[in-house]
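> Quick one: sequence and predicted model below, then my questions.
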Amino acid sequence: QVQLVESGGGLVQSGGSLRLSCVDVGGMFSRLDMGWYRQAPGKQRELVARVTRGVSQANYYMDSVKGRFTISRDNRKNPVILQMDNLKPEDTATYYCNRFPPPSPGPTEYWGQGTQVTVSS
């Protein structure tokens, strides 16, 4: 079963924090590198952070979130977590988790429903 369920989004003031969680319901992604992506209205989806699958997790962050966001995963329980601190209005977007690299566009492309993050100034 290919199913990713994102949660934890919400409305927060600038400077606030949110903790996003991604559950791999079917366990299909446990051996893959995973990423958190976001898409703001009128913009393309972009990679926010990535975590590798191994014990020694090597992480990547886009420049604008470095020092503010932390990605982690627990391969035994399969959630992928994105801790977001010091949020800014420009972080407002729908956040998705998925494999990295992301699936290619096409009939088998899969994305979960995402979780909305709104940061007010």
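Right, received. Where do you want to start? These numbers were taken from a predicted model, which means no experiment stands behind them.

> CA only for contacts and neighbour counts going forward, please
Fine.

> Quick one: residues contacting the nearest residue to residue 12 once chain neighbours are set aside.
On the basis of C-alpha to C-alpha, 6 or more residues apart in numbering, the spatially nearest residue to residue 12 that is not a chain neighbour turns out to be residue 119, at 5.0 Å. For residue 119, the contacting residues are 11, 12, 13, 14, 87, 88, 89, 90, 91, 92, by C-alpha atoms under 8 Å, 6 or more residues apart in numbering.

> Let's verify residue 119: helix, strand, or coil?
For residue 119, the reduced secondary structure class is strand; criterion used: DSSP: H, G, I helix; E, B strand; the rest coil.

> Relative to residue 90, how far out is it?
Separation of residue 119 from residue 90 (C-alpha to C-alpha, to the nearest Å): 8 Å.

> try residue 59
From residue 59 across to residue 90, the span is 22 Å (C-alpha to C-alpha).

> Can you list the buried residues in the helix or strand hosting residue 82?
Assigned by DSSP states H and E, residue 82 falls within strand 80-84. Judged by neighbour count (16 or more other C-alpha atoms under 10 Å), strand 80-84 contains these buried residues: 80, 81, 82, 83, 84.
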